[in-house]
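> generate a structure from the sequence data that follows.
(chains A and B)
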Amino acid sequence: KAGVTQTPRYLIKTRGQQVTLSCSPISGHRSVSWYQQTPGQGLQFLFEYFSETQRNKGNFPGRFSGRQFSNSRSEMNVSTLELGDSALYLCASSPQGNHLRDYGYTFGSGTRLTVV
Amino acid sequence: ELKVEQNPLFLSMQEGKNYTIYCNYSTTSDRLYWYRQDPGKSLESLFVLLSNGAVKQEGRLMASLDTKARLSTLHITAAVHDLSATYFCAVGLYLGQFYFGTGTSLTVIP
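Numbering: from 1, shown residues only, chains lettered A, B, ... in the order given. You can find the predicted model right below:
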């Protein structure tokens, strides 16, 4: 059974550019969440999508956005990159809908973004 | 804002010894998750604790949840080198949003 797939694995971008990261959830999983992991701030929630709708959003600036497609694949976009956006970006998927109590989330391997 | 505190942040222990990692959180929740992360790797789900008094065990690891005390523990029994990793607890709120603890970096010394 394929896990959560994130592409690309590594990315180097220049300040001011924009970037799009992709996440393919486990087949049948409809909920996708995104997290940013940095040494200083740890793991922070970005947003969660279910059935192409953003249901919840963390405390990040509007430069961070995302979307989910009908096949549950998700993308996140960061515009006008800053040095502080350098991080490991993780996505996680779950089969659950409104009841988040029983399954937890399976994480992908992440995309390591470096902004120079 | 919900705060999730883990202690210790760093733990160095000898093989064969026992130890406990603590996870305190600041708001009401009856969903607590433990994850393991190896260097440069993603998060691996260890336990999902969904009610007060829940206890789960897998191999040398045992996790418990006390929702009244807002405390979860991860107990390590007879540690082995393969358990060296960073362990995170995470409190589940709604809609796929976890608040993660700071992580406990565990090193098991032969």
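> now do the buried residues in stretch B:89-103.
Across stretch B:89-103, burial judged by 16 or more other Cβ atoms under 10 Å in any protein chain shown covers B:89-93, B:95-103. Backbone N, C-alpha and C define where each C-beta goes, glycine included.
> check B:E1 and give its pLDDT.
B:E1 carries a pLDDT score of 76 in this model.
> what's the answer for the one 10 residues further on, then?
B:L11 is assigned a pLDDT of 94 by the prediction.
> please enumerate the strands of chain A.
In chain A, the strands defined using DSSP state E lie at A:5-7, A:10-13, A:19-24, A:31-38, A:42-50, A:53-57, A:64-68, A:74-78, A:87-94, A:106-107, A:111-115.
> in the sheet, who's paired with the most centrally placed residue in chain A?
Nearest residue to the geometric centre of chain A (Cα atoms, centre = their mean): A:W34, 3.0 Å. On the basis of DSSP bridges, A:W34 is bridged to A:F47, A:C91.
> swap in the one 4 residues further on?
The residues listed as beta-bridge partners of A:T38 by DSSP bridges are A:G42.
> show me the contacts for it.
Residues near A:T38 by Cβ atoms under 8 Å, 6 or more residues apart in numbering or on different chains: A:Q44, A:S86, A:A87, A:L88.
> by neighbour count, which of those wins?
Compared across the contacts of A:T38, A:A87 has the highest neighbour count, 22 neighbours, by other Cβ atoms under 10 Å in any protein chain shown.
> close to chain A: what parts of chain B are there?
For chain B, the residues in contact with chain A (Cβ under 8 Å from any Cβ of the partner chain) are B:31, B:33, B:35, B:41-45, B:48, B:50, B:88, B:90, B:92, B:94-103.
> again, only using 7 Å
Counting by Cβ under 7 Å from any Cβ of the partner chain, the positions of chain B adjacent to chain A are B:31, B:33, B:42-43, B:45, B:48, B:50, B:88, B:92, B:94-98, B:100, B:102-103.
> get me the contact residues on chain A for chain B.
A:31, A:33, A:42-43, A:45, A:48, A:55-56, A:90, A:94, A:100-102, A:104-110.
> go again with 6 Å.
Contact residues (Cβ under 6 Å from any Cβ of the partner chain) of chain A with chain B: A:31, A:33, A:42-43, A:45, A:48, A:55-56, A:101, A:104, A:107, A:109-110.
> buried subset of the residues you listed as a ChimeraX selection?
Selecting the buried subset of those in ChimeraX, with 16+ other Cβ under 10 Å as the burial test, is done by:
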select /A:31,33,42,43,45,48,55,56,104,107,109,110
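> residue contacts, residue 7?
Answering for chain A, as no chain was given. Taking Cβ atoms under 6 Å, 6 or more residues apart in numbering or on different chains, we find A:T7 in contact with A:S22.
> meant chain B, my bad for not saying
Taking Cβ under 6 Å, 6+ apart, we find B:N7 in contact with B:Y22.
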